[in-house]
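A.B. asks: Pasting a predicted model and its sequence here:
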Amino acid sequence: MNVKQPGFTLLEIILSMTLMSMVLSFLIDIYFAMNKKNLSPVIQHKAIMVANLYLDRILMLRFDENSSHNSTYRCDQEDFPRCSEKLGPEEKIRSEFDDVDDYSGLSETPPLSFNNEKLQDYVNYQVSVTVSYAGQNFGLPTRALKKIHVVVQAPHNTFFEITAFKSND
């Protein structure tokens, strides 16, 4: 007498395991793809803090090499020197940068603090700065305004950009 017992055949078990592994593999791939794009808020916050640190430092400096430290005279004003034609550092050492465009072309990994010390918690971050004249974008004389663009590259090749302007006032 041939009695059919309840249960699954070996073929059914193998097929269900194969199907479950394919579904699980697909779900894991989706999870990791979403996780890569969804940066942790901590990384975002740290990148923005670094960009603001650089902007604060740069905006505290005088507008141009040919302007006074205390704004008693400004470049491109009558009877005073013209603003620099070429933007970039006149000084060789970062600690001696004394005007906004000295930071143009700067690239640092890891970022440095106000005291020019490496920020140890930011070893995987890179900061790049560009400075350009931008007066013409606002209906002003070209050299009346400088655009400061700071880009922070965070881990996972994610970029954060902040732009500020400094006027010759």
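C.D. replies: Sure, I can see it.
A.B. asks: which residue ranges form the strands in the chain?
C.D. replies: Per DSSP state E, the chain carries strands over the ranges 107-108, 126-133, 145-154, 158-167.
A.B. asks: Serialize these to JSON lines and add fields for distance to residue 73, mean pLDDT and mean neighbour count.
C.D. replies: Where you see a C-beta, it was placed from the backbone N, CA and C, and this is true even at glycine. Shown next, in JSON lines, are the strands of the chain (distance: least, C-beta to C-beta, whole Å; pLDDT from 0 to 100; neighbours: other C-beta atoms under 10 Å):
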{"stretch": "strand 107-108", "distance to residue 73": "32", "mean pLDDT": "94", "mean neighbour count": "14"}
{"stretch": "strand 126-133", "distance to residue 73": "19", "mean pLDDT": "95", "mean neighbour count": "19"}
{"stretch": "strand 145-154", "distance to residue 73": "17", "mean pLDDT": "95", "mean neighbour count": "20"}
{"stretch": "strand 158-167", "distance to residue 73": "15", "mean pLDDT": "93", "mean neighbour count": "15"}
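A.B. asks: Could you export those as TSV, including distance to residue 115?
C.D. replies: Listed next are the strands of the chain as TSV, based on distance: least, C-beta to C-beta, whole Å:
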stretch	distance to residue 115
strand 107-108	14
strand 126-133	16
strand 145-154	19
strand 158-167	22
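A.B. asks: how far away is the nearest residue to residue 52 once chain neighbours are set aside from residue 106?
C.D. replies: Leaving aside its chain neighbours, residue 52 sits nearest to residue 162 (7.0 Å; criterion: C-beta to C-beta, 6 or more residues apart in numbering). Counting by C-beta to C-beta, to the nearest Å, the gap between residue 162 and residue 106 amounts to 14 Å.
A.B. asks: Next: residue 141.
C.D. replies: Going from residue 141 to residue 106 by C-beta to C-beta gives 26 Å.
A.B. asks: More neighbours: which of the two?
C.D. replies: Between residue 141 and residue 106, residue 106 has the larger neighbour count (other C-beta atoms under 10 Å), namely 19 against 12.
A.B. asks: Could you double-check that the more buried one sits in contact with residue 94?
C.D. replies: Yes. The criterion here is C-beta atoms under 8 Å, and residue 106 meets it with residue 94 at 7.4 Å.
A.B. asks: looking at the strands of the chain, which is closest to residue 89?
C.D. replies: Smallest distance to residue 89 across these (C-beta to C-beta): 10.1 Å, for strand 126-133.
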